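Trainee: From the sequence below, what's the structure:
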Amino acid sequence: MEDKIQQLVERSNKESKENERKNGMEINRFRGGGKVPLVISFTENCKRSHEDLMREFTDSYDSLVMKNSRDIPQIHQIYSEVFLVFVDFNERNIILEGDREPQQIRKETVEYIRNMGRTAVVIYHLHPDSGTLEDGRLYSRKLTSIEYHPTLKQLSSRDCVLSIYRQFSEDQKARLKDICDL
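Mentor: Okay, the predicted model is just below:
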């Protein structure tokens, strides 16, 4: 898996801006200057709510929707130090896919960002049990996969995994401002 991601990173280093235009990747820009985080969504339906959440603490960010695994290498062409990866609630509470899942776009996206040497923050969105987190908690204790999934466990150790229902808690906003250097 890691070799595959490293190959994607190397291949994308060779791609040109023309290739980005040909593939039609649409990046929405909401810049106020300087380094800005990139908001990544996986469905067009929730993209707007992810952007609304960002505006709770900054007006400077870029946004895009990852439609399939072929889009992943294109993010290498976007300059950002911090990538906020929004994963929307699902009944099985799969935040990042495991090795047995047929599609692994969320997992591959996060691994790609990390292999670029950038910061990935995973935000599990619309999780009902995350509406009232204990003070200081960044994600719900009920999301036990965070402690067992290797990538999520590593991100969690750096306070880079959050779960929310409809809005960020004050502790989560403070952490995101710190990570994004806002």
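
Trainee: Residue 52: which element?
Mentor: Per DSSP states H and E: residue 52 is located in helix 44-54.

Trainee: CA atoms only: put the helix or strand that comes right after that helix into CSV for me.
Mentor: Per DSSP H and E, the first helix or strand lying C-terminal to helix 44-54 is strand 61-65. Output of strand 61-65 as CSV, limited to C-alpha atoms (Å, rounded to 0.1, in the frame of the first residue of the first chain):
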residue,chain,number,x,y,z
TYR,A,61,-9.2,28.2,2.6
ASP,A,62,-9.4,26.2,-0.7
SER,A,63,-11.9,23.5,-1.3
LEU,A,64,-12.3,20.5,-3.6
VAL,A,65,-14.2,17.3,-4.1
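
Trainee: May I have the strands that pair with strand 61-65, each with its orientation?
Mentor: Using DSSP bridges, the strands paired with strand 61-65 are strand 28-30 (antiparallel), strand 38-41 (parallel).

Trainee: so which of those strands is the most packed in?
Mentor: strand 38-41 (a mean of 24; mean count of other C-beta atoms under 10 Å). For every residue, glycine as well, the C-beta is placed using N, CA and C.

Trainee: outside of that strand, which residues touch it?
Mentor: 47, 50-51, 54, 61-66, 75, 78, 80, 82-86, 109 (C-beta atoms under 8 Å, 6 or more residues apart in numbering).

Trainee: Can you report the mean pLDDT over the residues of that strand?
Mentor: Average pLDDT, strand 38-41: 95.

Trainee: Measure how far it is from the centre of its chain, please.
Mentor: Its chain's C-alpha centre and that of strand 38-41 lie 6 Å apart, by C-alpha atoms, centre = their mean, to the nearest Å.
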